[in-house]
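[1] Got a predicted structure plus its sequence, pasted below:
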Amino acid sequence: MNRTGVRSALTISLLVLGGCAGMSDTECRAANWYDLGYRDARFKLQSQDALYVQQCERHGVKIDAARYDEGFRQGRWDFPDRTPL
């Protein structure tokens, strides 16, 4: 695997592991939901909004699902794949 491939694999691994760890109170309150949706789509993840709702509800934070979905749709548009949604 070349350097770019290793870096990409490491970045994706960190994002996935970070998602497993959950979002802190501070992360939930400071989140840019559009950017999170865009990032998730860029890395070809399925929509993670339900996971973010679950993680942030325990901190009393309601996510901006509309902004997340908007970012996710834009990310899918900018980084399309060959599989249907």
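    Cool, the structure landed. Residues are numbered from 1 along each chain as shown.
[2] C-alpha from now on. contacts and neighbour counts both.
    Noted.
[3] wait, what's in contact with residue 75?
    By CA atoms under 8 Å, 6 or more residues apart in numbering, the residues touching residue 75 are 37-42.
[4] Please identify the helix or strand for the spatially most central residue of the chain.
    For the chain, residue 40 is the residue whose C-alpha lies nearest the centre (CA atoms, centre = their mean; 3.4 Å). Secondary structure assignment for residue 40, by DSSP states H and E: helix 33-42.
[5] ditto for residue 47
    Under the assignment given by DSSP H and E, residue 47 is not contained in any helix or strand.
[6] Look at it and say how many residues are nearby.
    Close neighbours of residue 47, defined as other CA atoms under 10 Å, add up to 18.
[7] start the count at 95, not 1, going forward
    Sounds good: first residue 95 from here, last item residue 141.
[8] Tell me the backbone dihedrals of it, please.
    Torsion angles at residue 141 (phi, psi; degrees, to the nearest 10) stand at phi -50, psi 130.
[9] just residue 151 next, same as before
    With angles defined as degrees, to the nearest 10, residue 151 sits at phi -60, psi -40.
[10] ditto for residue 139
    Torsion angles, degrees, to the nearest 10, at residue 139: phi -80, psi 160.
[11] Report the contact partners of it.
    If a contact means CA under 8 Å, 6+ apart, then residue 139 has no contacts.
[12] Quick check: the gap between it and residue 165.
    Separation of residue 139 from residue 165 (CA to CA, to the nearest Å) stands at 13 Å.
[13] which neighbours do those two share?
    Counting by CA under 8 Å, 6+ apart, nothing touches both residue 139 and residue 165.
[14] What about residue 162, how many residues nearby?
    Neighbours around residue 162, by other CA under 10 Å: 24.
[15] check contacts around it.
    By CA under 8 Å, 6+ apart, the residues touching residue 162 are 127-132, 143.
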